[in-house]
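> Here is a sequence with its predicted model. Questions after.
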Amino acid sequence: MNIIHMKYAVEVAKAGSINKASETLLVAQPNLSRSIKELEADLGITIFLRTSKGMMLTPEGEDFIGHAKNILGQLDELENMYKTELPARQTFSISVPRASYIADAFARFSNCLDERSAEIYYQEINSDRAIKNILEHNYHLGIIRYAAYFDKYFKALLEEKELHYELIAEFRYVLVMNQSHPLAQKEKIYLKDLEKYIEISHADPYVPSLPAATVLKEEHAVNCTRHIYVFERGGQFDLLSQNPQTFMWVSPLPDDIISAFGLVQRECHENRKIYRDMLIHRTSYKLSKLDKQFVTELCRSKRKYLHNI
């Protein structure tokens, strides 16, 4: 298998057509098309379907391109290690749960960047995608969140995928709601008090080997009849700040977030479920200087914002 052909295939997948990839690569279209066919013949698979709308990846092709991106990324890193005459590019990539203490750590971490060129990727996403980003999209780090009840499911998956995992934080969710919410000034809040209000929930819960319906049922501590599922953390805060009938379970929030959105943060002592945030990466991956700086900021934010259990 030719590395050049692999690069060509990745570019064709990115561009969606031979014509566009040819312009980017400065390679004649017939030569590029022939290279792709030779690669498919060498591998014994069909990477692309040739359609009137362009080059579409087959399922086998998607799998191949994911692995190819990882390999090419590692080759780039290896090359940069020995090009000592050039300043090393700063690279960092991580997928995380929607958590304010992590976002706070990332903001502080951004101050670590110097004047060299940098490519930094930070994505808020569920645990399934965080794992796939490492395995298929060349992300270096991930943080996954799950209820401690599901510990065996996640650790079994991580070990199967040869991913290193390390506990970052362990905590209980707190309630967050508009400061005008009818329960905001109540001395003690019970689960039954919340049933008539609107619960804002993450839209993409995930536990390996379990159906989504089972996971959703386990995640809902309150027997609400009204739920709003939102993927984006900022959108969740907008809802909370503008609708005093809503509430959400979160890892403890920084004071500036609470103040900015006009919220209050309360405990519900009936909700005893423990959650864990786990740092993950490939077992073969060695943390870079930037990675270690991020983890340092992450630990500082955790100590500042998360309650002890």
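Nice, thanks for sending it over.
> tell me what whatever helix or strand residue 129 lives in is packed against?
Assigned by DSSP states H and E, residue 129 belongs to helix 127-136. Contacts defined by 3 or more CB pairs under 8 Å, 6 or more residues apart in numbering; DSSP states H and E place helix 127-136 against helix 59-82, strand 90-96, strand 141-147, helix 151-160, strand 163-172, strand 274-282. Every C-beta, even on glycine, is put in place using the N, C-alpha and C of the backbone.
> which ones are touching the nearest residue to residue 193 once chain neighbours are set aside?
Nearest non-adjacent residue to residue 193, counting by CB to CB, 6 or more residues apart in numbering: residue 183, 5.8 Å away. Contacts for residue 183 (CB atoms under 8 Å, 6 or more residues apart in numbering) come out as 177, 189, 193, 194, 197, 247, 266.
> And residue 274, by the same measure?
Residue 274 touches 147, 148, 170, 171, 172, 309, counting by CB under 8 Å, 6+ apart.
> rewinding a little: which ones among the contacts of residue 183 map onto strands?
In strands, judged by DSSP state E, the following of the contacts of residue 183 are found: 177, 247, 266.
> Any chance of the contacts of residue 274 in CSV with distance to residue 1 as columns?
As requested, the contacts of residue 274 are exported to CSV (distance: CB to CB, whole Å):
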residue, distance to residue 1
147, 43
148, 44
170, 45
171, 47
172, 50
309, 51
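> Which PyMOL command selects the buried ones in those?
Buried subset of the contacts of residue 274, written as a PyMOL selection, criterion 16 or more other CB atoms under 10 Å:
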select buried, resi 147+171+172
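> Quick one: which of the contacts of residue 274 has the lowest pLDDT value?
The member of these with the lowest pLDDT is residue 309, at 54.
> what's across from residue 264 in the sheet?
residue 177 (DSSP bridges).
> That one contacts residue 182, correct?
No: assessed by CB atoms under 8 Å, residue 264 is found out of contact with residue 182, at 11.8 Å.
> So those two - more neighbours on which side?
With neighbours defined as other CB atoms under 10 Å, residue 264 and residue 182 compare such that residue 264 has more, 16 against 13.
> OK, contacts around that one?
By CB under 8 Å, 6+ apart, the neighbours of residue 264 are 176, 177, 178, 179, 181, 184, 258.
> Check the spacing between the third one and residue 162 real quick.
Put plainly, it is residue 178. 45 Å (CB to CB, to the nearest Å).
> Perfect, that will be all.
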